[in-house]
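J.: Starting from these lines, generate the structure:
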Amino acid sequence: MKKSIGILGGMGPLATADLFQKIVSLTDAARDSDHIRVYIDSNAAIPDRTAAILHGGADPLPAMTDSLRKLEACGADCVIMPCNTAHYFLPRLQERTTLPFLSMLEATARICHARFPGKTAAVLATQGTLAAGLYQQALASEQVPFLIPGGSEQEALMRVIYQGVKAGQPPESYRADMALVLDGLTAQGADYFILGCTELPLAVSLLGLSIPAVDPTTELAKAAIRFCGYPVKMADGL
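T.: Here you go, the predicted structure:
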């Protein structure tokens, strides 16, 4: 029996739209009726996850739980979140529902191991995601070598995410910051990049960059398609 997807979204809205678009484009479908039923609750009022983790900001869990209840009421068979930092709260959310959450962190770690064996990943993510050790744990479980940005690279990356993509600014306004991040981490030994904030695949696309990278949003979309019993349209064999 085919299953449906619930997207706990709004973190941010463009990332939510990006995930939905990828689910549609990656489903191997010949007609409308071959696609997956998808329920989306895009609540942009969910408090910022990084601020909650690092600075004692407003707890996003109540608003996330409200979205979860709405997806349950719709009839979703699984839940996915297009926000890497939000996965810090996933264990507590999972305790509140019998619906399975699919982890973009785990899906990303598995594809890194398969696609780039022995290569070193640079984890591009928010300070909240990195401080919580989310990708560090997932990658270590798959024995994937990695490094994380620090200092000027991390500050530049946060500007790309918050003052650039989330703020709806033109890509040229954050091109220099993105170049600083990529060049700096390549010099430190990175072989490829994990775009570990859902704004970053959008930034790379808008900037027209061609870099060796893993897009967690894409890997989450593929995992959800497979969970629901649908075929994935594959271009790279993975």
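J.: so what's the residue lying closest to Q137 once chain neighbours are set aside up against?
T.: In space, and not counting its chain neighbours, Q137 is closest to L105: 7.9 Å by Cβ to Cβ, 6 or more residues apart in numbering. (Each C-beta comes from the backbone N, C-alpha and C, glycine too.) Residues near L105 by Cβ atoms under 8 Å, 6 or more residues apart in numbering: N84, H87, L134, Y135, Q137, A138, P216.
J.: mind listing what R110 touches?
T.: Counted by Cβ under 8 Å, 6+ apart, R110 has contacts E142, E219.
J.: Confirm that it sits in a helix.
T.: Yes - counting by DSSP: H, G, I helix; E, B strand; the rest coil, R110 falls inside a helix.
J.: Surely I5 is in contact with M81?
T.: No - the pair I5 / M81 is not scored as a contact, 11.4 Å apart, by Cβ atoms under 8 Å.
J.: which of those two has more neighbours?
T.: Taking other Cβ atoms under 10 Å, I5 and M81 do not tie; M81 has more neighbours (30 against 25).
J.: Disregarding residues adjacent in the polypeptide, which is nearest to that one?
T.: Take M81 and drop its neighbours on the chain: the residue closest to it by Cβ to Cβ, 6+ apart is L8, 4.8 Å away.
J.: measure the one you found to F101 for me?
T.: 9 Å (Cβ to Cβ, to the nearest Å).
J.: intersection of neighbour lists for the two?
T.: Overlap of the contact sets of L8 and F101 (by Cβ under 8 Å, 6+ apart) consists of V79, I80, M81.
J.: Give me the subset of these lying in strands.
T.: Among the shared contacts of L8 and F101, the members falling in strands (DSSP state E) are V79, I80.
J.: Please enumerate residues in contact with stretch 9-21?
T.: The contact list for stretch 9-21 (Cβ under 8 Å, 6+ apart) reads 7, 38, 40-46, 49, 67, 80-83, 85-86, 165-166, 198-199, 201-202, 217, 220-221.
J.: cutoff 7 Å now
T.: Outside stretch 9-21, the residues that touch it by Cβ atoms under 7 Å, 6 or more residues apart in numbering are 7, 38, 40-44, 46, 49, 82-83, 86, 165-166, 198-199, 201-202, 217, 220-221.
J.: Check whether C197 sits in a helix, strand or coil.
T.: Under three-state DSSP, the three-state class of C197 is coil.
J.: Make residue 1 into 54 and carry on from there
T.: Done: numbering now begins at 54, and the last item shifts to C250.
J.: Hmm, it is touching A178, no?
T.: Yes - using Cβ atoms under 7 Å, C250 is in contact with A178, at 5.3 Å.
J.: returning to what we had before: in a markdown table, list the shared contacts of L61 and F154 along with pLDDT and distance to P66.
T.: Compiled in a markdown table, the shared contacts of L61 and F154 are given as follows (pLDDT from 0 to 100; distance: Cβ to Cβ, whole Å):
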| residue | pLDDT | distance to P66 |
| --- | --- | --- |
| V132 | 98 | 18 |
| I133 | 98 | 16 |
| M134 | 97 | 13 |
